[in-house]
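[1] Whatever this is, show me its structure:
(chains A and B)
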2 protein chains.
Amino acid sequence: MTDPPDITYLFEPRSVAVVGASHDESKVGYKVLENIVKGGFTGDVYPVNPKGGEILGLPVFERVEDLPEGVDIAFIIIPGKYVFEAVKSCAERKAKFLPIISSGFSEVGNIEEEHKMVEYAREHGMRILGPNIFGIYSAGVSLNGTFGPPHILKGNVAIVTQSGALGGSMIGKTAVENIGLSTMVSVGNKADIGEPDLLRYLMKSDTARVIFMYIEGVKEGEELITVLSEATRVKPVIVIKSGRSKRGAMAAASHTGSLAGQDEVFDAIMKQCGVLRAESLQEAFNWCKFLASAPLPKGNATVIVTNGGGLGVMATDACEKYDVSLYDDTEILREAFSDATPDFGSTKNPVDITGQATPQHYESALRAALDHESIDSIIALYCETAVFDLEAFVELMRQYHQKALQVGKPLLFSLLGGGRIEECIRSLKNEGVPVYADVYECVSCLGALYQYYHHSLAEEELPEEYDIDYSTINTVVEKATAENRYFLLSHEAQAIMEAARIPTPQSYIARTLDQAVAFAEKVGYPVVMKVVSRDIIHKSDAGGVALDLENKEELMDAYQAILYNSRQYNPHARIDGIEVAEMVEKGTETIVGARIDQAFGPVVMFGLGGIYVEVMKDVSFRAFPLNREEVLTMMKETRSYPLLLGVRGEEKKDIESVQDAIMKVGAVIHNCALITDIEVNPLVVYERGVKAVDVRILLKREKGGDINE
Amino acid sequence: MTDPPDITYLFEPRSVAVVGASHDESKVGYKVLENIVKGGFTGDVYPVNPKGGEILGLPVFERVEDLPEGVDIAFIIIPGKYVFEAVKSCAERKAKFLPIISSGFSEVGNIEEEHKMVEYAREHGMRILGPNIFGIYSAGVSLNGTFGPPHILKGNVAIVTQSGALGGSMIGKTAVENIGLSTMVSVGNKADIGEPDLLRYLMKSDTARVIFMYIEGVKEGEELITVLSEATRVKPVIVIKSGRSKRGAMAAASHTGSLAGQDEVFDAIMKQCGVLRAESLQEAFNWCKFLASAPLPKGNATVIVTNGGGLGVMATDACEKYDVSLYDDTEILREAFSDATPDFGSTKNPVDITGQATPQHYESALRAALDHESIDSIIALYCETAVFDLEAFVELMRQYHQKALQVGKPLLFSLLGGGRIEECIRSLKNEGVPVYADVYECVSCLGALYQYYHHSLAEEELPEEYDIDYSTINTVVEKATAENRYFLLSHEAQAIMEAARIPTPQSYIARTLDQAVAFAEKVGYPVVMKVVSRDIIHKSDAGGVALDLENKEELMDAYQAILYNSRQYNPHARIDGIEVAEMVEKGTETIVGARIDQAFGPVVMFGLGGIYVEVMKDVSFRAFPLNREEVLTMMKETRSYPLLLGVRGEEKKDIESVQDAIMKVGAVIHNCALITDIEVNPLVVYERGVKAVDVRILLKREKGGDINE
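    Residues are numbered from 1 along each chain as shown, chains lettered A, B, ... in the order given. Prediction:
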């Protein structure tokens, strides 16, 4: 295998070939060439078509074999069945990147051909974009290698889209919204190049200030997490993931996994990576536009200035919804805004400069807000009033937009009114002033900026090292797989917990009555006994469990009863012994789990025990890499988390030990390739310490397989 | 007191006076007159100004006293301090309605003047709109009695707004959105005329097809519930209530002086009344426009037709969000859409007619959807593609919009693309075709229509009669108030439960040890004992409680201990006896409550016991009038409701008895004016029956007062 080419040449090619350039103006093969030529691509262009001749004034190569060696990009736009041949020819000419616009591969079930093609390409030092894409646009070299609209507005938003159709129409839509693009890449089937490769370039690109990705399905999930986490430290990344609803929900093996639904996991991971997740395209575009030019605030203090109380109240509601903090110091607010506010107005936040406000009052308020050190960002609202110098106000918005950029404070406007107002909004928007027709839309943008700001403040925590005895774990797991088991017996699961230094109830397996008595003495009465048998999964149903045994007599009776019941239940059951364990003290029950997610690799899970998870679906998730801080954030996301803080006179529970337990099950699943699911249910939490009472561990079904398949 | 005038004359006046009409064109008093005159009001107009003369060609009356008798409306636009005098003069001339545009009343704390003025007006057969309003517009008589924009688009949306400033700018905004108005009323301080009065007219008005209300604070809440419930059976009512958030509620309170109240309660009540609650103005306007012309669907089956898979998936997500059901019969879908769909497309819903679709394919799909009986509504999506006859498509949308209206199926479009697409959207919107630039916006409108449709299907249930012994209840309550108590003792509360036929644990008050023994025998061991004393509220702290007494000996010891402990705890405590009660069996704990809400009168409440309410705030509310069906819906709104259905092998609980208990505490609070709060916590629910274990009842603090004050 040859080294893959430098990804830079996909975005900054010096030469491109169009394999399948067409003489017929109605064909995609013509359209792409036309866009490249008329878009003013700065490098060399080589059309390829067996008919030869000339297209758009360029001489046409009859065969790929005739191309100069080492073209950076060879677009492939020929019927699907000829594509592989063309890929081979490109390899001969040492082409670097092959955006395959042709379709007819995995999207219609033709997975094998696609796979072979990618393998061949990579063996020959080439990389494939697609297939089934609508092309690539790169502003730096003026390359419009798409069959979309011919004119693309240059700017600093980079878009990566999985849907080609959407990509094409997004180009038009962004132009209408006056959002300039630095890059637009359609990834289609993602047979080779995926989001991580592209993000790695885009996060370093100076021209891309914001990255927006439209995702339908995740490939290379672990890689994506790593790169997204890096990218969001450098610039905002906005994601739309469609298929939030039931569709595409993952079939999960473990009971709690099935609660997840794919979207909760995806959502948790995006949060963890600091990604801004938009719901609708309109929201995503609004955020792109605002974040591409807004200054990062220096703090949380937001002030609302309004000439209408009603709008102010709605903006306040929106601030709560989008997690924007309103500044609260009434002293300073009065000092700053009393000049702008008549007596019957209010200098409290929202600052109500009243319906009588003139542009001069707005100016006074905006000047004060920009000048005042304690104020970090400003939302200015205007309700159309009968007597108001709108032109002066427009000029003011223009000026203060510039001033706010200079002092580094986000300043947003929202105006409500008729045709003249609509006209103002349109023209100011076109100039790049953040002005909106709806307060919720306005505040949503500031909310996205603050979400990014807060993520940028969070310090990266170094991963902790836990003292885990992996050699014991591997021995236990290997023994089970050798026996063709895909689950661990409970004492094996317990051994794993012990190896991970997660406390479990003291417990021993007795093979005789005498042993049972001796173990009970060691553990201390009261004790619990359970049958140990791989053939009896539902122990209680089998009468194989006895609780709260208070003394030797009770224990002896129970021992006989369990054996008798188990044999009655299943005469062929192999009974490995009887487990004698301490009675677990009451505490707060939690569920802690870890499993291999098909898309994202290892994920951990937390919830309060029993009903909270089963009925109320109150669980939270995180993917790797993990740290204790992130685990705590995850725990706090559950609605029932306050139970751990102590309610109804109870003491606060040992939250740190839960964090440790989650980190540890995570580490085990991360490091032991054969384990696919760990569920501790319950992990009982005390004022000091935790106990893993019931542990279920599943293993990979077969080599290369997956329990979820 | 004279009879109030017929509200019709507020909306359809034959004559209006403008008290405070001004010669100065910059004044509100000029602006209102100008809007009335130039707006083409069909009746007589009488300007009043001490200077006399002529304004806008009309002779000016120098004094109110000179007006002809019985004008339907007299606008009052003079400084606040002169308003009351003008009101008196209007009374003399037997004016009917007084929209008081002037401010300076309760909104600045001048409550008394406002109150006196209203009282005076009503005594003299007049009604006041406002004060502190921006006027009234009524399309039927071409009355623009506002100081807002001069031109108002006539149509069939009625708007009632509490904020004047917002009202003015909404006129402009609706014009921009091409939303025609039938009426626009500013209610301001709502000193006299409020939403209920207006709704009562608007629900019967033929020209108002949709009613939109902007509310900041609720007055006359019980009345509002009654009228809203009636109105939503006739036409859609959309409400924005600002001050949803805590902070927003505070801002609203300082801005209008109105109590926002708890948003959860407001929200529950709006749902109960069948009101469509919008969040942002943009959403409200979208709904208004769509609902004013859309046909009501005949069923739930919605089909999405799209030329782009990505858009289709997003629309599917949006359908789940807005509760729009997608049609699922693949057989019928194939039959209907195979003509429109190429092989590599999909006839499953969303129907993907692919990027190669022409307007003819759309036509085939739309025709099939309109023809097919099983399909009730259609969402058609279009992603801009390179080769597509957009003009033909626009014509098609226009035609099918009309056809869909004829066959009575909602048909909505959402288009994504560049400038040409934007242009299409704008012009089709202006023609009234429901076409959107964002799928979420589009589906949100259909969701609102379906919410209205489902409400219109729900049959009204007749209120049930419960056999409640009110005379006992009144006796107990009167005794407590006679003792100046604002709470009931536990045996009193129990007596109320018994009078309401809500089962309680058997219990008796013993005054001697012998009595206690006898009662215990009657109740049956094990029993519970508690001290009964108005001076000991925290019984457990006082050592005044003994649980699980299994026999006579234990009971006798406990009796002495309780008396001793209580005397130690508070030597001066009056001890009324010792309660002997049955030990309550374990069941599912719920909380059932009823209280007098400041805004809406009696409301009932439900939640699962203990932590679910305390930590997870998992409660639901309803106001009166109540029925059992509505109560069940309320119970189902809690996330923990499934616990009553039986989880982890438990049997289903007696949900009907919980419904009964809620209906009964509701009836008690509704019918007993002195009771302000009832909380049954827990109401233990069994497989059969319930038991009200702990009941707290609060009474009105003093005549005319309120416990919350």
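
[2] For burial, what's the neighbour tally of A:Arg63?
    When neighbours are defined as other Cβ atoms under 10 Å in any protein chain shown, A:Arg63 has 14 of them. Glycine gets a C-beta too; all of them are placed from N, C-alpha and C.

[3] Actually, A:Glu478.
    If you count neighbours by other Cβ under 10 Å, A:Glu478 ends up with 12.

[4] show me what contacts A:Ala432?
    That one is not Ala; residue A:432 is Gly. For A:Gly432, the contact set (Cβ atoms under 8 Å, 6 or more residues apart in numbering or on different chains) comprises A:178, A:293, A:401.

[5] Revised request: answer the last question for A:Glu651.
    Contacts of A:Glu651 by Cβ under 8 Å, 6+ apart are A:Glu687.

[6] Look at it and tell me its secondary structure.
    Put simply, A:Glu651 is coil when judged by DSSP: H, G, I helix; E, B strand; the rest coil.

[7] Let me know the secondary structure of the most centrally placed residue in chain A.
    For chain A, A:Met270 is the residue whose C-alpha lies nearest the centre (Cα atoms, centre = their mean; 2.0 Å). Taken by three-state DSSP, the conformation at A:Met270 corresponds to helix.

[8] So it is in contact with A:Val239, correct?
    Yes: assessed by Cβ atoms under 8 Å, A:Met270 is found in contact with A:Val239 at 6.0 Å.

[9] Count the neighbours of the residue in the stretch 301-450 of chain A that chain B sits nearest to for me.
    In the stretch 301-450 of chain A, the residue that lies nearest chain B is A:Gly418 (2.4 Å; Cβ to the nearest Cβ). Around A:Gly418 there are 21 other residues, counting by other Cβ under 10 Å.

[10] low pLDDT regions in the stretch 1-150 of chain A?
    Along the stretch 1-150 of chain A, segments meeting pLDDT under 70 span A:1.

[11] Those residues of it touching chain B, which are they?
    Within the stretch 1-150 of chain A, the positions lying close to chain B (Cβ under 8 Å from any Cβ of the partner chain) are A:26, A:28, A:31, A:108, A:147-149.

[12] 10 Å - rerun?
    Residues of the stretch 1-150 of chain A found near chain B (Cβ under 10 Å from any Cβ of the partner chain) are A:26-28, A:31, A:35, A:103-104, A:107-108, A:134, A:146-150.

[13] can you check the stretch 501-650 of chain A too?
    So the stretch 501-650 of chain A meets chain B at A:608, A:610-612, A:614-618, A:638-643, A:645, A:647-648 (Cβ under 10 Å from any Cβ).

[14] Mind checking which of those residues land in helices?
    A:611-612, A:614 (DSSP state H).

[15] could I get these as TSV with neighbour count, pLDDT and distance to B:Leu58?
    Formatted as TSV, these follow (neighbours: other Cβ atoms under 10 Å in any protein chain shown; pLDDT from 0 to 100; distance: Cβ to Cβ, whole Å):
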residue	neighbour count	pLDDT	distance to B:Leu58
A:Ile611	19	71	74
A:Tyr612	26	71	72
A:Glu614	19	71	75
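
[16] Out of the residues you listed, the closest to A:Ile578 would be?
    A:Glu614 (29.3 Å; Cβ to Cβ).

[17] which of the contacts of A:Gly432 are buried?
    The neighbour count (16 or more other Cβ atoms under 10 Å in any protein chain shown) marks A:293, A:401 as buried among those.

[18] Reformat the contacts of A:Gly432 into TSV and put pLDDT next to each item.
    Below are these laid out as TSV (pLDDT from 0 to 100):
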residue	pLDDT
A:Asn178	93
A:Ser293	94
A:His401	98
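
[19] export the contacts of A:Gly432 to a markdown table and tack on distance to chain B and secondary structure?
    Putting these into a markdown table (distance: Cβ to the nearest Cβ, whole Å; DSSP: H, G, I helix; E, B strand; the rest coil) gives the following:
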| residue | distance to chain B | secondary structure |
| --- | --- | --- |
| A:Asn178 | 11 | coil |
| A:Ser293 | 21 | helix |
| A:His401 | 22 | helix |
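
[20] ok, now how distant is the residue nearest to the centre of chain A from chain B?
    15 Å (Cβ to the nearest Cβ, to the nearest Å).

[21] Let me see the contact set for that residue.
    Each residue near A:Met270 by Cβ atoms under 10 Å, 6 or more residues apart in numbering or on different chains is listed here: A:215, A:225, A:228, A:232, A:237, A:239, A:241, A:276-277, A:623.

[22] swap in A:Leu513?
    Contact partners of A:Leu513, counting by Cβ under 10 Å, 6+ apart, are A:555-556, A:559-560, A:563, A:578.

[23] let's go with 7 Å and repeat that
    For A:Leu513, the contact set (Cβ atoms under 7 Å, 6 or more residues apart in numbering or on different chains) comprises A:556, A:559.

[24] just A:Gly80 next, same as before
    The contact partners of A:Gly80, taken as Cβ under 7 Å, 6+ apart, are A:102-105.

[25] Top of those by number of neighbours, please.
    Counting neighbours by other Cβ under 10 Å, A:Phe105 leads the contacts of A:Gly80 with 25 neighbours.

[26] Could you find the closest non-adjacent residue to it?
    Counting by Cβ to Cβ, 6 or more residues apart in numbering or on different chains, A:Glu114 is the residue found nearest to A:Phe105 once chain neighbours are left out, at 4.0 Å.

[27] I figured that neighbour was touching A:Ala191, is that so?
    Yes: between A:Glu114 and A:Ala191 there is a contact under Cβ atoms under 7 Å: 5.0 Å.

[28] Now for the two: what residues contact both?
    Residues touching both A:Glu114 and A:Ala191 (Cβ under 7 Å, 6+ apart): A:106, A:131.

[29] Leaving out sequence neighbours, find the closest residue to the residue of the stretch 301-450 of chain A closest to chain B.
    Among residues not flanking A:Gly418 along the chain, B:Gly172 sits closest, at 2.4 Å (Cβ to Cβ, 6+ apart).

[30] ok, now which ones touch that neighbour?
    Contact analysis of B:Gly172 by Cβ under 7 Å, 6+ apart lists A:384, A:417-419, A:421, B:149.

[31] how about it, secondary structure?
    Look at B:Gly172: counting by three-state DSSP, its state is helix.

[32] Show the model's pLDDT score for it.
    B:Gly172 is assigned 92 on the pLDDT scale.

[33] Tell me where chain A is predicted with low confidence.
    A:1, A:246-261, A:461-463, A:610, A:648, A:702-709.

[34] Quick check: which element contains the residue of it most remote from its centre?
    For chain A, the C-alpha farthest from the mean C-alpha position belongs to A:Glu553; by Cα atoms, centre = their mean, that distance is 57.4 Å. In this assignment (DSSP states H and E), A:Glu553 forms part of helix A:552-569.

[35] hmm, back to that, nearest to A:Ala448 among the contacts of A:Met270?
    The closest of the contacts of A:Met270, once distances to A:Ala448 are taken by Cβ to Cβ, is A:Leu276, at 5.1 Å.

[36] Show the backbone phi and psi for that closest one.
    Note on A:Leu276: backbone dihedrals following degrees, to the nearest 10 are phi -90, psi 110.

[37] Correct me if wrong: it contacts A:Tyr453.
    No: A:Leu276 is beyond contact range of A:Tyr453, at 11.0 Å (criterion: Cβ under 7 Å).

[38] Looks like A:Val210 contacts A:Pro236 (just checking).
    Yes: under the criterion of Cβ under 7 Å, A:Val210 makes contact with A:Pro236 at 5.1 Å.

[39] Show me whatever sits in contact with both of those two.
    Residues touching both A:Val210 and A:Pro236 (Cβ under 7 Å, 6+ apart) are A:Leu291.
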